[in-house]
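In: missing the sequence, but the structure's below:
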């Protein structure tokens, strides 16, 4: 009686299962990579907004010292910003010509400007300013 030899190799079912597992793995990897790129871009926008807010806060404080006038709002590179200034009351005995201002700078960024960075500071203006 003749023996039937089994051929070595993969069956069609095994190859299909291997391709399915490979396709699912590559799909998950692709999604993960895409999410990382989107998140990285959002972090870059936020960092740029923080730098812009710091610059505007410094400029606003300089404008208070030199002119007493502040540019209230503007836009730069797809970001909208506004500066708000309000005088803070000081005690009469210690003030003697000094003025204090609360300064707030808000920078809106992102699609539809739905994200926002807000920085606050206090600026003193002396009697000789």
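Out: Received it, and whenever you're ready, just let me know what you need. Small disclaimer: the values here were computed from a predicted structure and weren't measured.
In: Please name every helix or strand in contact with the one helix or strand residue 58 maps to.
Out: Element membership for residue 58 (DSSP states H and E) is helix 12-66. In terms of contacts (3 or more C-beta pairs under 8 Å, 6 or more residues apart in numbering; DSSP states H and E), helix 12-66 is packed against strand 79-88, strand 99-109, strand 115-125. In this view, the C-beta of every residue, glycine as well, is placed from N, C-alpha and C.
In: which of those strands is buried the deepest?
Out: strand 99-109 (a mean of 19; mean count of other C-beta atoms under 10 Å).
In: Partner strands of that strand, with direction?
Out: Strand 99-109 sits in its sheet next to strand 79-88 (antiparallel), strand 115-125 (antiparallel), going by DSSP bridges.
In: and residue 96, which of these is closest to it?
Out: Between residue 96 and those, the tightest spacing by C-beta to C-beta is seen for strand 115-125, at 12.3 Å.
In: Show me what the mean pLDDT comes to for the closest one.
Out: Taken as a whole, strand 115-125 has a mean pLDDT of 88.
In: cool, stretch 11-31 as well?
Out: For stretch 11-31, mean pLDDT is 93.
In: Taking the centroid of the protein, which residue is nearest it?
Out: Closest to where the C-alpha atoms of the chain average out (C-alpha atoms, centre = their mean) is residue 46, at 1.4 Å.
In: For the helix or strand just after the helix holding residue 58, name the packing helices and strands.
Out: The first helix or strand that comes after helix 12-66 along the chain, using DSSP H and E, is strand 73-76. Contact here means 3+ C-beta pairs under 8 Å, 6+ apart; on that basis strand 73-76 packs against strand 79-88.
In: All set, thanks.
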